[in-house]
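> Okay, sequence plus prediction incoming.
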4 protein chains.
Amino acid sequence: MTKTADDITKRTSIGAQRNPASEEAILTAAAEILSEGGLSAFSIEAVARRAKAGKPTIYRWWPSKAALLLDIYHRQKGETFYPDTGSTRADLVAFLETLLGFWKTSGGEVFRSIIAEAQSDPAALEALRDYAVTRCRASGLILERGVARGEIGEALDIPLVMELFSSFCWQRLLTGRLDPSQDQITHLVDAVLTGFAAKDRAAQ
Amino acid sequence: MTKTADDITKRTSIGAQRNPASEEAILTAAAEILSEGGLSAFSIEAVARRAKAGKPTIYRWWPSKAALLLDIYHRQKGETFYPDTGSTRADLVAFLETLLGFWKTSGGEVFRSIIAEAQSDPAALEALRDYAVTRCRASGLILERGVARGEIGEALDIPLVMELFSSFCWQRLLTGRLDPSQDQITHLVDAVLTGFAAKDRAAQ
Amino acid sequence: MTKTADDITKRTSIGAQRNPASEEAILTAAAEILSEGGLSAFSIEAVARRAKAGKPTIYRWWPSKAALLLDIYHRQKGETFYPDTGSTRADLVAFLETLLGFWKTSGGEVFRSIIAEAQSDPAALEALRDYAVTRCRASGLILERGVARGEIGEALDIPLVMELFSSFCWQRLLTGRLDPSQDQITHLVDAVLTGFAAKDRAAQ
Amino acid sequence: MTKTADDITKRTSIGAQRNPASEEAILTAAAEILSEGGLSAFSIEAVARRAKAGKPTIYRWWPSKAALLLDIYHRQKGETFYPDTGSTRADLVAFLETLLGFWKTSGGEVFRSIIAEAQSDPAALEALRDYAVTRCRASGLILERGVARGEIGEALDIPLVMELFSSFCWQRLLTGRLDPSQDQITHLVDAVLTGFAAKDRAAQ
DNA sequence: CTTTAAGCGAGACGGTACGTCATGTCTTACG
DNA sequence: CGTAAGACATGACGTACCGTCTCGCTTAAAG
């Protein structure tokens, strides 16, 4: 994303249809404001000012602050791939590292803003809930592959366990601790994967 | 807490010292507003109005909205006990159920407001981080007892694992899904405790 | 001015331009407050409340309380005419009576508020000074006609003398004594016009 | 006025009576604030802060801001003398120059604050009115001497004419134009003293 | 080939909340 | 009882955003 919100010449209506240049400018401006000043600097006014857009234009297409935030997030995230190394352990470690890494570099500010916004906006809450559930199901792919390989028992509630892992990332994001060591991540994955109940008991 | 913010007659200064009646009235009013209208209804103005207190009185003692929220939370939470049933599994299940239950009935609205607030207030973020770390360490008691009993290996990073469990609760709180079934909780505890890697592999 | 600030139904924006209905409502409300409660009741908040206008709308168009007061005064005063009876003496008497009369019935409260405000607001002070100087020059017309008629010598510093007469009115306004008798006014005009130095000396 | 409000060591109650040191400190502090920041900087809070006095101490002895201002003014003004040069004209010129000069150097800020305050405080208005009337009567001494000398006819309403002169000074004070030239003052005095009606008419 | 209808920027509108300041009253602790 | 100190309820200050509105325009599609 090399171009910024400033490189407009003069946008105006292109007829009775949504102007992609305005949409572009608004989303870019919004993302910039968020990354520069955080959620507290993020207001519809500020976005409109920066994007040189009218406020009604924003309200026309995004009913709330949260909707705008969600749009920014999806545009930044792009496609999500779940690496397939052949090992559930490695896949899980990669999953956690990728997510935390993405949030650390760019998307974190946006996503934590979405979560914050959802706490006072019921519609945003619902969107967030749907998103979270969907993501847990999608990322379950990692464990499903493990089941197929016979690494994991079939009785496991896969989305529930994936929720556990993603929750850990959420909590780290929300408390500003996105930098767990490589060791911590592998330790965590190992602990959950093999269970931390003493092995002699498991052998009983 | 049977009495509400309304049962004051006429508060005034009691000299050059903090008036406990005002503090009481403010915290009560704040808690009521939060539980009735959620975070979006929660403003210093509204608290002052309801508590029949002056805004400066609030700002004098609570530097920010977040500080007020934290105070409310601590007052509602009271002492935290970690049940000791003699079984790590049962202790963990009880821990999760207690936390989710507390959030479902009263404290949840407050705590999710704190998290939201922390996403735009650096000081609140720090307070939240400290609180989260402290709580994970404290709740580690459950696993420490397990280690002492020989149920759990000594190599385990206890706070990290407790973080996992509490994160799950956070995520449920933040997505408005505080009602996992009893089964889900036990399933989750079992999965993590015994590991979900297929047992024949563990036996290898 | 028969209609009051209350007879609005529902004002709103009429586009990116000043809404005359709002301006009207604000000025009317401000004038009413001033005449009912005096300067101490006059606050931007109170005006906004009564005019059912937003505070920012007031601040957008009137940078200060003083600016608002000046606007009210000009609107109340309307055009100023200096009667031409053919006699300087009669013109001066009429001038004083008209000014004192106007202040007694409606404009006095406004003008003394402007003077008060100017004592703590440099911009208002400047506006007041300009106004005072301009008015003294304009009312000099009365004496200029006298000069043209040969009633008054040409060497007289006309604005300075008019300042003297208007000052008298100011002082009466500011000390709440707007009711000098007809006799006092004529006595004053005569004293200044013919000089109060004993006539035998003038004849020397 | 060499000592300032700061040279206190530690004032406290001297028993059940007014503490002169506090009174002194309060008046000094008030005068300093007024001369440094003008009326807009003048508040009971600020005075208390600077004088290191309790607010109730101020309220106990001065019922209003205006009372405090009046006290400051009287203390600054000291005794008033009306020079007696043997010539009414010279006496009047000296009177105007002395008054304007005093206001220019020190007392002006205080007096214009009193006038401003009186526009929103009925009690202050009354005090100001009484003061103005008294002063006009007292300064009438100048003209009374002229009458005694035969310079001025006996029919003149002396206080009314003195009001005219003092009004001129008030107006200059209130519009921030305390620097009329020597010429203007003498011109004014001459104009009023000898009358500005053309002499040929007076001779008719 | 016009009309029409929607989108656009701009920005004013009535509001609400912000965080700060001053008001005048009150109580305490001390002398 | 007078004092310094300072907390209290109240309410105005001036600012920032909110979400809605109308303006004057531009342009693609419908008649």
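That came through fine. Numbering: from 1, shown residues only, chains lettered A, B, ... in the order given.
> Show the pLDDT at whichever residue of chain A sits closest to DNA strand F.
Across chain A, the shortest distance to DNA strand F (CB to the nearest atom of the strand) belongs to A:Gly15, at 2.4 Å. For the C-beta atoms, the positions are set from N, CA and C on the backbone; glycine is no exception. Note for A:Gly15: predicted pLDDT of 75.
> Next, count neighbours for it.
If you count neighbours by other CB atoms under 10 Å in any protein chain shown, A:Gly15 ends up with 6.
> now A:Asp183
Other residues close to A:Asp183 by other CB under 10 Å number 9.
> Give me the contact list for the helix or strand hosting it.
Using DSSP states H and E, A:Asp183 falls within helix A:182-194. Residues from elsewhere that reach helix A:182-194, judged by CB atoms under 8 Å, 6 or more residues apart in numbering or on different chains: A:88-89, A:92-93, A:96-97, A:161, A:164-165, A:168, B:156-157, B:160-161, B:164, B:191-192, B:195-197, B:202.
> quick revisit: using the three-state scheme, assign the residue of chain A closest to DNA strand F.
What DSSP: H, G, I helix; E, B strand; the rest coil gives for A:Gly15 is coil.
> before we move on, back to that, could you export the helix holding A:Asp183 as PDB, CA atoms only?
The C-alpha atoms that make up helix A:182-194 are tabulated as PDB, following Å, rounded to 0.1, in the frame of the first residue of the first chain:
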ATOM      1  CA  GLN A 182       9.100 -18.800  20.300                       C
ATOM      2  CA  ASP A 183       9.700 -21.000  23.400                       C
ATOM      3  CA  GLN A 184       6.400 -20.000  25.000                       C
ATOM      4  CA  ILE A 185       4.400 -20.800  21.900                       C
ATOM      5  CA  THR A 186       5.900 -24.300  21.500                       C
ATOM      6  CA  HIS A 187       5.600 -24.900  25.200                       C
ATOM      7  CA  LEU A 188       2.000 -24.000  25.000                       C
ATOM      8  CA  VAL A 189       1.300 -26.100  21.900                       C
ATOM      9  CA  ASP A 190       3.100 -29.100  23.400                       C
ATOM     10  CA  ALA A 191       1.400 -28.800  26.700                       C
ATOM     11  CA  VAL A 192      -2.000 -28.800  25.100                       C
ATOM     12  CA  LEU A 193      -1.200 -31.400  22.500                       C
ATOM     13  CA  THR A 194       0.300 -34.000  24.800                       C
END
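> So which residue is dead centre in chain A?
Nearest to the geometric centre of chain A sits A:Phe111, at 5.3 Å (CA atoms, centre = their mean).
> May I ask you to confirm that that one is in contact with A:Trp103?
Yes - contact criterion CB atoms under 8 Å: A:Phe111 and A:Trp103 qualify, at 6.4 Å.
> Overlap of the contact sets of these two?
With CB under 8 Å, 6+ apart, A:Phe111 and A:Trp103 have common neighbours A:Leu173.
> Identify the spatial nearest neighbour of the closest residue to chain B within chain A, chain neighbours not counted.
Proximity of chain A to chain B (CB to the nearest CB) peaks at A:Gly195, 2.5 Å away. With sequence-adjacent residues excluded and distances taken as CB to CB, 6 or more residues apart in numbering or on different chains, A:Gly195 is closest to B:Gly195, at 2.5 Å.
> Make sure that neighbour is actually in contact with A:Val161.
No - look at B:Gly195 against A:Val161 with CB under 8 Å: they stay out of range, at 11.0 Å.
> how many neighbours does A:Ala16 have?
For A:Ala16, the count of nearby residues is 5 (other CB under 10 Å).
> same check, this time on A:Glu24
With other CB under 10 Å as criterion, A:Glu24 counts 16.
> Next, work out how far apart it and D:Arg112 are.
Distance from A:Glu24 to D:Arg112, counting by CB to CB, to the nearest Å: 59 Å.
> and what of A:Ser22?
56 Å.
> Compare neighbour counts for these two and give me the winner.
Using other CB under 10 Å as the criterion, A:Ser22 and D:Arg112 rank with D:Arg112 on top: 25 against 22.
> what about the helix or strand harbouring that one, near chain C?
Here D:Arg112 sits within helix D:108-118, counting by DSSP H and E. Yes - using CB under 8 Å from any CB of the partner chain, helix D:108-118 comes into contact with chain C via D:Arg112, D:Ser113, D:Ile115, D:Ala116, D:Glu117, D:Ala118.
> what inclination does that helix have with respect to helix C:108-118?
Angle, helix D:108-118 to helix C:108-118, by axes from the mean of the first three to the mean of the last three CA atoms, to 10 degrees: 140 degrees.
> chain center to helix D:108-118, what's the gap?
Chain-centre distance of helix D:108-118: 9 Å, with CA atoms, centre = their mean, to the nearest Å.
> again, but for stretch A:131-149
Relative to its chain's centre, stretch A:131-149 lies at 16 Å (CA atoms, centre = their mean).
> if I read this right, A:Pro51 contacts A:Ile26, doesn't it?
Wrong residue type there; residue A:51 is Ala, not Pro. Yes - with contact defined as CB under 8 Å, A:Ala51 reaches A:Ile26; the gap is 4.5 Å.
> so whichever strand or helix holds A:Ala123 versus helix A:108-118, what angle?
For A:Ala123, the element it lies in under DSSP H and E is helix A:122-139. Following the same axes, to 10 degrees, one obtains 130 degrees for the angle between helix A:122-139 and helix A:108-118.
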